[in-house]
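# Pasted the sequence and its predicted model underneath.
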Amino acid sequence: YTNGLQAGTGAVAAVAVPLAFLLGGWRASLIAISIVIVLLAVLWFVLVPAIPRERGVKLPPRPKWPLRRGIVWGVAILFGLRAIIFQGVTAWLPSIYVEQGWSQSSAAFLLVVLQVVGIPVTTVSAMLADRIGSRRVYLSIAAVSMLAGLLGMLTLPAFGIVWILAV
């Protein structure tokens, strides 16, 4: 799921600027991308068959929500904060670097790098966290790396590619 989101975001970031130049502006680029996304959604619904339900088959009871467990709240907060930071970086990164004087293509390239590098990193780190050592170590490394990347973008934005690799 995460890799699909990152691949899609990276693909859109890679084509948005060239499409804007080709089609005469951002609105036309975003409309073209939106049309492709709608067509892909329609294709998904056509190609993926519905799962038929057998009559008379009882579904198992739903599990109870573990809302009284502190670890559940900790993980929810951690992943919620991570999502807020990631979406914020994804949404604002090109604009921040264009404001710093970078070309639109160069700023969009940073977003592409963020997404493309993220795919193998998240996949490998998740596999390692399941098999080797404590997940806390991996989460700590990710948090420190993200903090370093964000602070680097704020203090030394000229080294954007370095900070993107850290985020």
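Thanks, I have the structure now.
# pLDDT of the lengthiest helix in the chain, averaged?
Taking DSSP state H as the criterion, the chain has its longest helix at helix 70-99. Mean per-residue pLDDT for helix 70-99: 87.
# helices or strands next to that helix in the packing?
Judged by 3 or more CB pairs under 8 Å, 6 or more residues apart in numbering; DSSP states H and E, the packing partners of helix 70-99 are helix 104-131, helix 135-155. Every residue, glycine included, has its C-beta placed from N, CA and C.
# One more pass at 10 Å, please.
helix 2-23, helix 104-131, helix 135-155, helix 160-166 (3 or more CB pairs under 10 Å, 6 or more residues apart in numbering; DSSP states H and E).
# Turn those into TSV, columns for mean pLDDT and mean neighbour count.
Formatted as TSV, the helices and strands packed on helix 70-99 follow (pLDDT from 0 to 100; neighbours: other CB atoms under 10 Å):
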stretch	mean pLDDT	mean neighbour count
helix 2-23	86	16
helix 104-131	88	16
helix 135-155	89	14
helix 160-166	91	18
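# Which secondary structure state does the residue of the chain most remote from its centre sit in?
The C-alpha centroid of the chain is most remote from G56, which lies 40.9 Å away (CA atoms, centre = their mean). Secondary structure, DSSP: H, G, I helix; E, B strand; the rest coil: G56 is coil.
# For it, give me the backbone phi and psi.
phi 80, psi 0 (degrees, to the nearest 10).
# returning to that earlier point: what's the closest of the helices and strands packed on helix 70-99 to W65?
Taking CB to CB, helix 135-155 is the member of these nearest to W65, at 21.8 Å.
# So what touches that closest one?
Residues outside helix 135-155 that contact it (CB atoms under 10 Å, 6 or more residues apart in numbering) are 75, 78-79, 81-82, 85-86, 88-89, 93, 96-97, 100, 110, 114, 121-122, 125-126, 128-130, 132, 134, 159-160, 162-167.
# G4 is in contact with Q115, correct?
No. At 11.0 Å, Q115 does not count as touching G4 under the criterion of CB atoms under 10 Å.
# so who does S103 touch?
17, 97, 109.
# Surely S105 touches L19?
No. If you go by CB under 10 Å, S105 and L19 don't touch, sitting 11.7 Å apart.
# on that earlier part again, buried ones in the longest helix of the chain, by neighbour count?
Buried residues in helix 70-99, counted by 16 or more other CB atoms under 10 Å: 86, 89-90, 93-94, 96-97.
# Give me the secondary structure label for P61.
Assignment for P61 (three-state DSSP): coil.
# With the one 4 residues further on instead?
Classification of W65 by three-state DSSP places it in coil.
# follow-up on the earlier one: any chance of JSON lines for the contacts of S103, columns distance to I37?
Output for the contacts of S103, formatted as JSON lines (distance: CB to CB, whole Å):
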{"residue": "V17", "distance to I37": "17"}
{"residue": "Y97", "distance to I37": "25"}
{"residue": "F109", "distance to I37": "22"}
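# Brilliant, that's me finished.
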